[in-house]
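S.K.: Structural data only, the sequence is not supplied:
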């Protein structure tokens, strides 16, 4: 039953991919050319008979396809934090996000009544930031296992993988396909940009967390973000 449900959901993902192509008013052959793959391969991808590899996903991202939206069907909401992010100088946007994530973590961890989901998601964002700064080792998959207190065997079952494939992913020897990212989202609720090696600003997750804050905490976060923007742009 679960596999059937996931299969039906995967067809919805492919419909969103097709919608991107149609919105650009290009043929399958033209889409394949943009992705640097054969037309027959792309055609099979849209039909669901060929896996979308991590390499192809990255190419899709570079074309302007929102991988988070492709998998989740949820478009990033434009909030006040989004507006502040857009005003940040391009070279300083990464620092802006890092600071906001750190403050958001503190606020959510101090609010015991809030959903665990956002706290876990922000914890992974924080892990990615620390790793980028050379302060953490391992992969994000190990971080996910630790958050859920899973063994490799338990997580590979969640993702419907054989153990060898999962171990390669956790060691960073191979990257997840679109189907694996779908299973990660459907079973644990995590967005693809948390685990994909793409230059995502993670605004979707930050905005979702911000909207779960109480009004007074939103005001505090808004002020912090505004001051952060001012300081970064002044440097």
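M.R.: Noted; the coordinates are in hand. Owing to the predicted nature of the structure, the values given are computational and were not obtained by experimental measurement.

S.K.: Tell me the spacing between residue 209 and residue 29.
M.R.: 41 Å (CB to CB, to the nearest Å). Yep, even glycine has a C-beta here, placed from its N, CA and C like the rest.

S.K.: ok, these two, which is more surrounded?
M.R.: Using other CB atoms under 10 Å, the more surrounded residue of residue 209 and residue 29 is residue 209, with 25 against 13.

S.K.: which ones are touching that one?
M.R.: For residue 209, the contact set (CB atoms under 8 Å, 6 or more residues apart in numbering) comprises 104, 108, 118, 121, 122.

S.K.: With residue 76 instead?
M.R.: 66, 68, 69, 82, 203, 204, 207 are the contacts of residue 76 under CB under 8 Å, 6+ apart.

S.K.: By neighbours, which of these wins?
M.R.: With neighbours taken as other CB under 10 Å, the top of those is residue 68, carrying 25 neighbours.

S.K.: Spatially central, which residue of the chain would that be?
M.R.: residue 193 (2.1 Å; CA atoms, centre = their mean).

S.K.: Is it correct that that one is in contact with residue 67?
M.R.: Yes - between residue 193 and residue 67 there is a contact under CB atoms under 8 Å: 6.4 Å.

S.K.: Can you show me the helices along this structure?
M.R.: 2-23, 28-35, 39-47, 54-63, 67-72, 80-87, 93-109, 116-132, 140-148, 152-158, 163-170, 178-188, 203-212, 215-234 (DSSP state H).

S.K.: what sits up against the shortest one?
M.R.: Applying CB under 8 Å, 6+ apart, the external contacts of helix 67-72 come out as 13, 16-17, 20, 57, 60-61, 74-76, 178, 181-182, 185, 191-193, 196, 198, 200, 204.

S.K.: Now which of those residues would you call buried?
M.R.: With burial judged by 16 or more other CB atoms under 10 Å, the buried subset of these is 13, 17, 20, 57, 60-61, 76, 178, 181-182, 185, 191-193, 196, 200, 204.

S.K.: which strands and helices sit next to the helix or strand of the chain with the lowest mean pLDDT?
M.R.: Across the helices and strands of the chain, mean pLDDT, DSSP states H and E gives its lowest value to helix 116-132, namely a mean of 72. Contacts defined by 3 or more CB pairs under 8 Å, 6 or more residues apart in numbering; DSSP states H and E place helix 116-132 against helix 93-109, helix 140-148, helix 203-212.

S.K.: Give the other helices and strands that the first one contacts.
M.R.: If I follow you right, that is helix 93-109. Under the contact criterion of 3+ CB pairs under 8 Å, 6+ apart, helix 93-109 touches helix 80-87, helix 116-132, helix 203-212, helix 215-234.
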